[in-house]
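Student: prediction below, plus the sequence it came from.
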Amino acid sequence: MSIVNTTNATTDVLAEFRAKQDSKATGSDDLGKNEFMELMIAQLKNQNPLEPKGNGEFIADLAQFSSLEEMQSLNSSVDSVVGEFRSTQALQASAMVGKSVLAPANFGILDQSGQMQGAVNVPSSTGGLRINIENASGEMVRQLDLGQAAAGQQEFTWDGKDGNGNALPPGKYYVAAQGSYPDGNEQLQTMMSANVDSVSLGQGGSITLNLAGMGSLPLSEVQQIN
C-alpha cells in the first residue's frame, strides 16, 4: 500500500499567508482572517495522515489567527479614531472663517480700512529693521524704518500712505524686510495678516484656508490666529 505524502505539496499555512500578504502589496485583493482560516483548513485536509500536524504547531497557528483577528479589530478602531479626529479638526477650522490669520507671504492686501498688517521673523537682534513696500508695478511707495529689533517675531502696521502722506488705493502690495548686521543687510522672512473667507477639506483630511485676496493656504502653515 502506497501513501502519497501530501504535506510536502501543501505549504505551511503561515508561509502561505505571508506570501499572499506580499501579493496584496502589489495590488491583489485584501486578505484577512477568513483567508487565513481557509488556508489552515486546507492544510489540515491535505496533511500526511501518518505524520499529522503536531499539537504545538496547531496551537501556534491558532495563536497566529487570534493575533491577526486582534490586529484587524485594532485597525478598525484606529480608523474610527482618525475619522473622528478629522471631523473635529474640520469643525475647528470652520470656526476660523471671518478671523484673521498670520501666514508666510511677501505681499498683503490693503483693504478699505486703510491698513495692512504683518510681521517679520528676526533670527537675531539687528541694529536696523527696514520694510520696503511696493505697488503691483514694482514701484516702492513707502519705506518703514523700525529701528533696532530683538530676535523673534516683530509686528508692523502700514497706514496705507506713501512717503508724502498721500493715501494709496486698496489692492495688493509687496513687502520686503531687511535687517542690518555687521556683515551687511540680510533679507528676512515676512508674514502677512489676512482674513479667512472659507475652509476647504481635501482628500486624506487635509484642510486649506482660503484667504481674502491671498489665495489658498494649508492650515499647517498658519503662524498665528487673531
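Tutor: Nice, thanks for sending it over.
Student: quick one: low-confidence ranges for the chain?
Tutor: Using pLDDT under 70 as the threshold, the predicted model of the chain has low-confidence ranges 1-37, 40-41, 43-87, 89-90, 92, 204-205.
Student: domain ranges for it?
Tutor: Using automatic domain parsing, the domains assigned to the chain come out as 13-94, 104-193.
Student: what residues of stretch 167-183 count as buried?
Tutor: For stretch 167-183, the buried set under the neighbour-count rule, 16 or more other Cβ atoms under 10 Å, comprises 168, 173-175, 177-180. Quick note: C-beta positions are derived from backbone N, CA and C, even for glycine.
Student: adding secondary structure and distance to Leu201, write the residues you listed out as CSV.
Tutor: Compiled in CSV, these are given as follows (DSSP: H, G, I helix; E, B strand; the rest coil; distance: Cβ to Cβ, whole Å):
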residue, secondary structure, distance to Leu201
Leu168, coil, 37
Tyr173, strand, 31
Tyr174, strand, 31
Val175, strand, 31
Ala177, strand, 34
Gln178, strand, 39
Gly179, strand, 39
Ser180, strand, 44
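Student: farthest-apart pair in those, please.
Tutor: Longest distance between any two of the buried residues of stretch 167-183 is 26.5 Å, between Leu168 and Ser180; criterion Cβ to Cβ.
Student: other SSEs contacting the longest strand along the chain?
Tutor: Residue-count comparison of every strand in the chain, with assignments taken from DSSP state E, identifies strand 184-201 as the longest. The criterion is 3 or more Cβ pairs under 8 Å, 6 or more residues apart in numbering; DSSP states H and E, and the helices and strands that strand 184-201 contacts are helix 55-94, strand 100-104, strand 107-110, strand 116-122, strand 126-134, strand 171-181, strand 207-211.
Student: switch the cut-off to 7 Å
Tutor: Contact partners of strand 184-201 among helices and strands, from 3 or more Cβ pairs under 7 Å, 6 or more residues apart in numbering; DSSP states H and E: helix 55-94, strand 100-104, strand 107-110, strand 116-122, strand 171-181, strand 207-211.
Student: let's verify Glu38: helix, strand, or coil?
Tutor: helix (DSSP: H, G, I helix; E, B strand; the rest coil).
Student: mind checking how far the spatially closest residue to Val120 that is not a sequence neighbour is from Pro123?
Tutor: The shortest distance from Val120 to any non-neighbouring residue, by Cβ to Cβ, 6 or more residues apart in numbering, is to Ala177 (4.4 Å). As judged by Cβ to Cβ, to the nearest Å, Ala177 and Pro123 stand 12 Å apart.
Student: cool, and Gly114?
Tutor: Counting by Cβ to Cβ, the separation of Gly114 from Pro123 is 31 Å.
Student: list the buried residues of the host helix or strand of Glu155.
Tutor: When secondary structure is defined by DSSP states H and E, Glu155 falls within strand 152-158. Using 16+ other Cβ under 10 Å as the burial criterion, the residues of strand 152-158 that qualify are 154, 156, 158.
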